[in-house]
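Engineer: What follows is a predicted structure for the sequence shown.
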Amino acid sequence: MAAQVIIIHPRDNVAIALRDLKKGEELFLPDGRPLNISADIAYSHKVSLEDIPAGAAVIKYGEIIGEAKGPIRKGEWVHKHNLDIEDYNTPQKLDRRIRWVIVCHNREGERIWRRKCGR
């Protein structure tokens, strides 16, 4: 069976719907775990892979993208109604493990991401 959702990073607690998902539907994650969908979720939207308590980090791409406004149950749609992303880039909220990189432009105007090693 074709994949129904994609989990971008092993740390993620949300997945991305690869098609419209219907409330009551049961699907299986790539590792074989079942996931019961508790609300209609549109293609490319986020679905919770686990119960996320209020105030806990919501993780996508292996990084914190916001925090739960209230409890989010496994299989629920994760979106602005239950995900707080406002002011998440304040110094108090940033994950201290994130390393900042310098973005510069070469002569042709292309963006270059400067690595720690200088390349």
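Structural biologist: Now that the structure is in, tell me what you want to look at. Numbering: from 1, shown residues only.
Engineer: rest of the way, CA atoms for contacts and neighbours
Structural biologist: Will do.
Engineer: Now do the contacts for the residue lying closest to R73 once chain neighbours are set aside.
Structural biologist: In this structure, R73 finds its nearest non-sequential neighbour in D51, 4.4 Å apart by C-alpha to C-alpha, 6 or more residues apart in numbering. When the contact criterion is C-alpha atoms under 8 Å, 6 or more residues apart in numbering, the partners of D51 are P71, I72, R73, K74.
Engineer: and the residue nearest the centre of the chain, how far is that from S48?
Structural biologist: Central residue of the chain (C-alpha atoms, centre = their mean): K60, 2.3 Å from the mean position. Counting by C-alpha to C-alpha, to the nearest Å, the separation of K60 from S48 is 10 Å.
Engineer: where do the contact lists of these two overlap?
Structural biologist: Common contact partners of K60 and S48 (C-alpha under 8 Å, 6+ apart): N13, V14, A15.
Engineer: Make a markdown table out of those and add secondary structure, pLDDT and distance to V5.
Structural biologist: Converted to a markdown table, the shared contacts of K60 and S48 look like this (DSSP: H, G, I helix; E, B strand; the rest coil; pLDDT from 0 to 100; distance: C-alpha to C-alpha, whole Å):
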| residue | secondary structure | pLDDT | distance to V5 |
| --- | --- | --- | --- |
| N13 | coil | 95 | 12 |
| V14 | strand | 96 | 10 |
| A15 | strand | 95 | 6 |
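Engineer: out of the residues you listed, which is most surrounded?
Structural biologist: With neighbours taken as other C-alpha atoms under 10 Å, the top of the shared contacts of K60 and S48 is V14, carrying 28 neighbours.
Engineer: Identify the farthest-apart pair in the contacts of D51.
Structural biologist: Using C-alpha to C-alpha, the contacts of D51 span at most 9.8 Å, a distance reached by P71 and K74.
Engineer: Spell out the residue ranges of the strands in the chain.
Structural biologist: Using DSSP state E, the strands assigned to the chain run over residues 5-6, 14-17, 26-28, 34-36, 46-48, 57-60, 63-68, 77-78, 83-84, 102-105, 111-114.
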